[in-house]
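Novice: sequence and predicted structure, then a few things I'm wondering about:
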Amino acid sequence: MDPTSAVTTALRERSPLVQCLTNYVSMDLAANVLSAAGASPAMVHDPHESADMAALADAVCVNIGTPSPSWADGMRLAAERAQVDATPWVLDPVAVGATAYRRELVVDLLQLRPTVVRGNAGEVLALAGAVGGSRGVDSLAASHDAHDAAALVAREHGCVVVVSGEVDVVTDGDRTLHVVGGHRWMPMITALGCSSSALVAAACAVVDDPLDAAAGAMGLLAAAGTSAAAVAQGPASLRVALVDRLADPDGLELVGRVRPVPA
Ligand SMILES: Nc1ncnc2c1ncn2[C@@H]1O[C@H](COP(=O)(O)OP(=O)(O)OP(=O)(O)O)[C@@H](O)[C@H]1O
Ligand SMILES: Cc1ncsc1CCO
Ligand SMILES: [Mg+2]
């Protein structure tokens, strides 16, 4: 079955519980994207309870966008619990190239074996050791510039890597997929990338192969974005229409978004 259709159907049938430890900017949009797509979001990050919630969750999304020592503890504890329970978890390394604090936190979290790392091109280039690919949380590079970096990071950490962009790149270091669609206003919706990471986590709870799960989740977002853009006037109305389209996927062009890249 086409991965985008598989993810779209399975999310609605199984409604996975997705714990998000995500930044202040993204909490509202990520929760609404998850709910509209059929998942059940729980934004739980405090170290007093993050591991207990991870034990209940079907998937966990750890996003370092607005870190602090207490949040970092909550992230480590939740990711540790997920690793022990073999619960899929996604790492979103927001602005990892910007500060030493973020780099050190990401080094720690990568040791806990995320199932998927999802970032923009600048973030994935930074994970591979390159400098200058970002300005704060925004990428200065295109996803195709991060093909090799993504494969390198995937092989080094034994995970799937998703690079978002005009064409999303999804790789396990061996197989690579492209995801097409979306709209040029999508990167202007702040925290839509964070929300895509949460959707990838949800997909990993309901589709066994993390490569197909990640690509299918990005395909669903791309299909909803393309369709929503037909009724939107700009990024703000696209944000609203996109959540509406996720909640009513009938009529979305799901099939064919995910395309294999010859090795
Ligand atoms: N030029 C584009 N055309 C179509 N879709 C795009 C384009 N750029 C990004 N997207 C889509 O927008 C969504 C967000 O990706 P983006 O790369 O902006 O994430 P990000 O930089 O991590 O965002 P944030 O940090 O604000 O959460 C993804 O679903 C991606 O596929
Ligand atoms: C704008 C911003 N700043 C920290 S996290 C975040 C959300 C997009 O990554
Ligand atoms: Mg981001």
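Specialist: Great, that's in hand. What you are looking at is a predicted structure, and each value in this text was computed from that prediction instead of being measured. Numbers count the residues shown, from 1 in each chain. Ligands and ions are numbered 1, 2, ... in the order given.
Novice: list the buried ones in the helix or strand where Ala82 lies?
Specialist: Using DSSP states H and E, Ala82 sits in helix 69-85. Buried residues in helix 69-85, counted by 16 or more other C-beta atoms under 10 Å: Trp71, Ala72, Gly74, Met75, Arg76, Leu77, Ala78, Ala79, Glu80, Arg81, Ala82, Gln83. In this view, the C-beta of every residue, glycine as well, is placed from N, C-alpha and C.
Novice: before we move on, what about stretch 243-260?
Specialist: Buried residues in stretch 243-260, defined by neighbour count with 16+ other C-beta under 10 Å: Val243, Arg245, Leu246, Pro249, Leu252, Leu254, Arg257, Val258.
Novice: at the contact with ligand 2, which residues of the stretch 1-150 of the chain appear?
Specialist: Contact residues, the stretch 1-150 of the chain versus ligand 2 (C-beta under 6 Å from any ligand atom): Asn23, Val25, Ser26, Gly65, Thr66, Val94, Val137.
Novice: at 5 Å instead, please
Specialist: Residues of the stretch 1-150 of the chain lying near ligand 2 by C-beta under 5 Å from any ligand atom: Asn23, Val25, Gly65, Val94, Val137.
Novice: among the residues you listed, which one lies nearest to Gly119?
Specialist: Among those, Val94 lies closest to Gly119 (C-beta to C-beta), at 7.6 Å.
Novice: any idea which element the closest one lies in?
Specialist: Going by DSSP H and E, Val94 is not part of any helix or strand.
Novice: spatially nearest residue to it (excluding sequence neighbours)?
Specialist: Gly65 (3.9 Å; C-beta to C-beta, 6 or more residues apart in numbering).
Novice: how about residues contacting the strand or helix carrying Pro41?
Specialist: Following DSSP H and E, one finds Pro41 within strand 40-43. Contacts to strand 40-43, defined as C-beta atoms under 8 Å, 6 or more residues apart in numbering, come from residues 15-22, 27, 30-31, 34-35, 53, 57, 198.
Novice: quick check: buried residues in the very next helix or strand once past it?
Specialist: Using DSSP H and E, the helix or strand that follows strand 40-43 towards the C-terminus is helix 50-56. Going by neighbour count (16+ other C-beta under 10 Å), the buried part of helix 50-56 is Ser50, Ala51, Met53, Ala54.
Novice: now the third one: how far from Val18?
Specialist: Right, Met53. Here the distance between Met53 and Val18 works out to 10 Å (C-beta to C-beta, to the nearest Å).
Novice: for ligand 2, what's its nearest residue on this structure.
Specialist: Gly65 (2.9 Å; C-beta to the nearest ligand atom).
Novice: residue contacts, that residue?
Specialist: By C-beta under 8 Å, 6+ apart, the neighbours of Gly65 are Thr22, Asn23, Tyr24, Val25, Ser26, Asp92, Val94, Ala95, Val137, Cys194.
Novice: for the record, mean pLDDT for the helix holding Ala82?
Specialist: What helix 69-85 shows for mean pLDDT is 98.
Novice: which neighbouring elements make contact with that helix?
Specialist: Secondary-structure packing of helix 69-85 (3 or more C-beta pairs under 8 Å, 6 or more residues apart in numbering; DSSP states H and E): strand 17-21, helix 50-56, strand 59-63, strand 89-92, helix 100-110.
Novice: give me the phi and psi for Ser134.
Specialist: phi -140, psi 160 (degrees, to the nearest 10).
Novice: wait, doesn't it sit right on Ala146?
Specialist: No. Shown here, Ser134 and Ala146 do not form a contact pair, counting by C-beta atoms under 8 Å, at 11.1 Å.
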